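1. Next input, structure requested:
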Amino acid sequence: MSINRREFLQLISAAAAAGLFPASSFAAQKQPSALYEVPNFGNARLLHFTDCHAQLLPVYFREPNVNLGVHGMLGKAPHLVGDKLLQHFGVKAGSIEAHALTYLGFDKEAAKYGKIGGFAHLATLVKQLRDSFGSNKTLLLDGGDTWQGSGTALWTRGMDMVGACNLLGVDVMTGHWEFTYLEEEIFANLEAFKGDFVAQNIKVKEEASFDYGHDYDENSYHAFKPYVIKDLGGVRAAIIGQAFPYTPIANPARFIPNWTFGINDQDMQDLVDKIRAEEKPDLVIVLSHNGMDVDLKMASRVIGIDAIMGGHTHDGMPAPTEVKNPGGITLVTNAGSNGKFLGVLDFAVKNGKVSGYQYRLLPLFSELLAADPAMAAYIEKTRAPHLSKLQEELAVADQLLYRRGNFNGTFDQLICDALRVQSDAQIALSPGFRWGTSVLPGQAITMEHILDQTGMTYPETYVRDMKGRDIHLILEDVCDNLFNSDPYRQQGGDMVRVGGMDYVCDPTAEMGSRIKDMRLDDGSTIDLEKNYKVAGWATVGSASPGAPVWELVADYLRDRKTAKLDKINTPKLMNVKNNPGLVDYMGAIV
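-> Model prediction:
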């Protein structure tokens, strides 16, 4: 389906009048066809989005300027930022695609091009791509982290996103943050979900199986279907689910006590072999939430997979990585986050084998895509009961507030500052989550923005005395999760954010030797045997006793009216000079 310029302008005007986005000179002057007219290729189409984190409306989202690759990942995708990423993938600097893929000139470019994503605009693009190729030959895949990340998702326990995905027409999904709701809530959402939920690496614990209360495979102990077979106009596609393998470590295991997780690549190989032998598929696709580095290693070890369509690490990759293994080549893709991109993977399949493919990663500029009326109406109805709370203006941003980046972001620093001040603490610790929208300079910070950063089911704050040795251990542990030389020992996410202290970090060192020279903001050395008053939130063990973190941050901003950051606590980095995953770093590099 295509539209002419007159129809496009009419749709833009109607959507702007409905308040879905502001009219702009950019929207009035640009034709969307060059961006969204995807040539048909082959005879099977897979559409893929991931890590939308419950963002129903268009948002701003700044890509990182720090995404370090070390050891075997040095200089390789996805660990490229800025111009290095553009050069690697052959994307023209200064183009609209360059803005979507990088942090470069973000403030200015965001003001020019407007917001990205939004399910009403995504719905329009999905329909266009289905209709142009053939709905019977197209699948829409959701890589997970869909039910969490906004105030409305938290308050509806993810059900707002289930309804949106049903309306969008999601065919298959897997998960991660979906498992931060209670087990009964997860099953209630899946009962309402019209697509298939797949996960080969989630199993019911043997001791839980006696009075489990839900269906599961009594032979394999799979808690969910490990895969589904879909007929795409005569092309048989097997879609295997790979949920986030470290969920009970990275998130509270107490919410989901009956399940085991893991990478389970031997199980994956056995399953692929079985599917190939028994189902005779033309395509085998893994819908993954491993994180891209893990997907790349899995692709090198497990043979018989045509493509791994991945998520978790929020990497917007404009082309697949072709991974050679003893069985041939496996494509590995990753489709970014926050509703910012839609991946389009077309296959040419003949005689049960792939003869070619075409891939496009489409950035969703809400000012270039008309809002789907049915989805827009659903979103308006879903948000209506919560608008007064969501739209409360707390303060004004005096600089760009963002989260994404290995070591710190300005929004993370704001959270740390609020924790320290409101709790009268010396040091603040905040998780290195990669979800959270951006706020432009001069824009009002609303309660919705705070919930975009903090809206989760274990938000309780704490204040406790911690020895310097324990703080050091926390930093070392998280740093190893991020920079371990073995991707299978990485858990994704970014470094724990700190407030009130600085340190030196060598990402290339071994565990126990990466963190050095910890100091308070006043310059005094942190004594390993001395106690310090530390504030934080989001503990994965037992719940903390304090108020939800969004209350502290909101009160902090209400008192100040303007969000100013006096200092950003970024570590001094060692042995990463000239790393192509590091540009315009706020701290020192030695």
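
2. got the end-to-end distance for stretch 374-393?
-> 29 Å (CA to CA, to the nearest Å).

3. let's have the chain start at 570 instead
-> Sounds good: first residue 570 from here, last item stretch 943-962.

4. Mind listing what's buried along it?
-> 944-945, 947-948, 951-952, 955, 959 (16 or more other CB atoms under 10 Å). Glycine gets a C-beta too; all of them are placed from N, C-alpha and C.

5. Helices - which of those land there?
-> Those of the buried residues of stretch 943-962 mapping onto helices are 944-945, 947-948, 951-952, 959, per DSSP state H.

6. Export those residues as a markdown table, with columns for distance to residue 718.
-> As requested, those are exported to a markdown table (distance: CB to CB, whole Å):
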| residue | distance to residue 718 |
| --- | --- |
| 944 | 18 |
| 945 | 20 |
| 947 | 18 |
| 948 | 15 |
| 951 | 15 |
| 952 | 14 |
| 959 | 14 |
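
7. Ends of stretch 818-829, what's the gap?
-> 11 Å.

8. Need the mean per-residue confidence for it.
-> For stretch 818-829, the mean pLDDT works out to 97.

9. Not counting its own residues, what contacts it?
-> With CB atoms under 8 Å, 6 or more residues apart in numbering as the test, stretch 818-829 has contacts from 746, 748-752, 755, 771-774, 777, 781, 792, 813, 816-817, 1026-1027, 1060-1062, 1109-1111.

10. per-residue pLDDT, residue 602?
-> 54.

11. how many neighbours does the residue nearest to residue 1134 when sequence neighbours are not counted have?
-> Excluding the flanking residues, the one nearest residue 1134 by CB to CB, 6 or more residues apart in numbering is residue 982, at 5.4 Å. Residue 982 has 25 neighbours, counted by other CB atoms under 10 Å.

12. can you give me how far the helix or strand in which residue 982 is found is from the chain middle?
-> Element membership for residue 982, per DSSP states H and E: helix 979-992. Relative to its parent chain, helix 979-992 has a centroid offset of 23 Å by CA atoms, centre = their mean, to the nearest Å.

13. again with stretch 756-767
-> 20 Å.

14. mind listing what's buried in it?
-> Result for stretch 756-767 [16+ other CB under 10 Å]: buried residues 757-759, 762, 764-767.

15. Okay, now that stretch: how far is its last residue from its first?
-> Across stretch 756-767, first to last residue, CA to CA, it's 13 Å.

16. could you dump the buried residues of stretch 943-962 to TSV with distance to residue 617 and pLDDT?
-> Compiled in TSV, these are given as follows (distance: CB to CB, whole Å; pLDDT from 0 to 100):
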residue	distance to residue 617	pLDDT
944	18	98
945	23	98
947	22	98
948	22	98
951	24	98
952	26	98
955	29	98
959	29	98
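
17. about what we covered before: mind checking which of the contacts of stretch 818-829 are buried?
-> 746, 748-750, 752, 755, 771-773, 777, 792, 813, 816-817, 1026-1027, 1060-1062, 1109.

18. Could you list the residues in contact with the helix or strand hosting residue 1043?
-> Counting by DSSP H and E, the element that carries residue 1043 is helix 1037-1052. Identification of contacts with helix 1037-1052 by CB under 8 Å, 6+ apart yields 637, 639-640, 975, 996, 998, 1001, 1058-1065, 1067, 1070, 1072, 1074, 1076-1077, 1080-1081, 1083-1084, 1087, 1095-1099, 1101, 1103.

19. Against residue 1155, how distant is the closest residue to residue 668 other than its chain neighbours?
-> Spatially, and ignoring its direct neighbours in sequence, residue 668 is nearest to residue 678 (4.2 Å; CB to CB, 6+ apart). In this view, residue 678 and residue 1155 are 20 Å apart by CB to CB, to the nearest Å.

20. sec struct for residue 1127, please.
-> helix (DSSP: H, G, I helix; E, B strand; the rest coil).

21. residues contacting it?
-> Residue 1127 touches 963-964, counting by CB under 8 Å, 6+ apart.

22. swap the cut-off to 7 Å and go again
-> Residue 1127 makes contacts with residue 963, as judged by CB atoms under 7 Å, 6 or more residues apart in numbering.

23. Can you give me the pLDDT of it?
-> Residue 1127 is given a pLDDT of 98.

24. Same question for residue 776.
-> The model's pLDDT for residue 776 equals 95.

25. can you count the residues close to it?
-> Around residue 776 there are 7 residues (other CB under 10 Å).

26. what are the phi and psi values for it?
-> The phi/psi pair for residue 776 (degrees, to the nearest 10) reads phi -70, psi -20.

27. what's the distance between it and residue 1080?
-> Taking CB to CB, one finds residue 776 at 32 Å from residue 1080.

28. what's the answer for residue 988, then?
-> On the measure of CB to CB, residue 988 and residue 1080 end up 27 Å apart.
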